[in-house]
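sequence plus predicted model, see below.
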Amino acid sequence: MKKLTASLPKLLAIAALCAGATAQAQTTPGAPSRIGFVFTERLMTESKLAKAADAKIEAEFSKRQKAIKDMLSRLKTLSEKFDADNASLVEPERTRRYRELGELEKDVQRTQREYNEDLLQRKSEERANIAQKAYKLIEQIAEQEQLDVVLQESAWSSPRIDITDKIIKLLDK
């Protein structure tokens, strides 16, 4: 249901665009509507701009990712040592080390959560930047090719109306 609700605005926008294209075609009798199609996910993964953004983000977050791996390694080592020593520990020492492990585990979880949130935000920022540039290029191609509507995301589309490669080439310039 959540996915359907998220795609509802897209469906409404597509319906409105199609209705507009149909109305335009009706004002000029006999003139067929021209439709274009863009695979937006391809723009976000195949263009040089997208690949550069991914590399930039990876470099930006690599130190934090290494720090998390180090924390996980330390947690694992301390946990294994605690498990091995548990039987021979006196109660105050066992309790202290157990709390220490719990605190370290909380720190690891918090650090991972913050990392994931920051990473998602940066990816969203870069995708928004690419989308903004792509939108301008889509408008430009739509004008040049006299398209009445350009759609995105469909169950199926004919390769004849796919302008994704053109957009990728322009984004790569």
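Here it is on my side, so go on.

so for the longest helix seen in the chain, mean pLDDT?
The single longest helix within the chain, with elements called by DSSP state H, is helix 91-144. For helix 91-144, the mean pLDDT works out to 96.

please apply the same query to stretch 64-80.
On average, stretch 64-80 scores 97.

list of residues touching it?
Under the criterion C-beta atoms under 8 Å, 6 or more residues apart in numbering, residues R97, E100, L101, L104, E105, D107, V108, T111, Q112, Y115, D118 lie in contact with stretch 64-80. The way it works is simple: take the backbone N, C-alpha and C, and place the C-beta from them, glycine included.

circling back to that earlier point, which element is encountered next along the chain beyond the longest helix of the chain?
Using DSSP states H and E, the helix or strand that follows helix 91-144 towards the C-terminus is strand 149-152.

check the offset of the helix or strand encompassing Q65 from the chain's centre.
Using DSSP H and E, Q65 falls within helix 48-85. Computed by C-alpha atoms, centre = their mean, to the nearest Å, the chain-centroid distance of helix 48-85 equals 20 Å.

show the pLDDT at P32.
Reported pLDDT for P32: 79.

now it, what's its secondary structure?
coil (DSSP: H, G, I helix; E, B strand; the rest coil).

just to revisit the earlier point, let me have the contacts of stretch 64-80 in CSV, extended by neighbour count and distance to S62.
Formatted as CSV, the contacts of stretch 64-80 follow (neighbours: other C-beta atoms under 10 Å; distance: C-beta to C-beta, whole Å):
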residue, neighbour count, distance to S62
R97, 17, 32
E100, 12, 28
L101, 16, 27
L104, 16, 22
E105, 15, 24
D107, 12, 20
V108, 15, 18
T111, 15, 15
Q112, 15, 15
Y115, 15, 11
D118, 13, 13
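
reformat the residues you listed as JSON lines; add distance to I57.
Listed next are the contacts of stretch 64-80 as JSON lines, based on distance: C-beta to C-beta, whole Å:
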{"residue": "R97", "distance to I57": "38"}
{"residue": "E100", "distance to I57": "34"}
{"residue": "L101", "distance to I57": "32"}
{"residue": "L104", "distance to I57": "28"}
{"residue": "E105", "distance to I57": "27"}
{"residue": "D107", "distance to I57": "24"}
{"residue": "V108", "distance to I57": "22"}
{"residue": "T111", "distance to I57": "18"}
{"residue": "Q112", "distance to I57": "17"}
{"residue": "Y115", "distance to I57": "12"}
{"residue": "D118", "distance to I57": "10"}
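
wait, which of those is closest to I130?
Nearest to I130 out of the contacts of stretch 64-80 is D118 (C-beta to C-beta; 18.9 Å).
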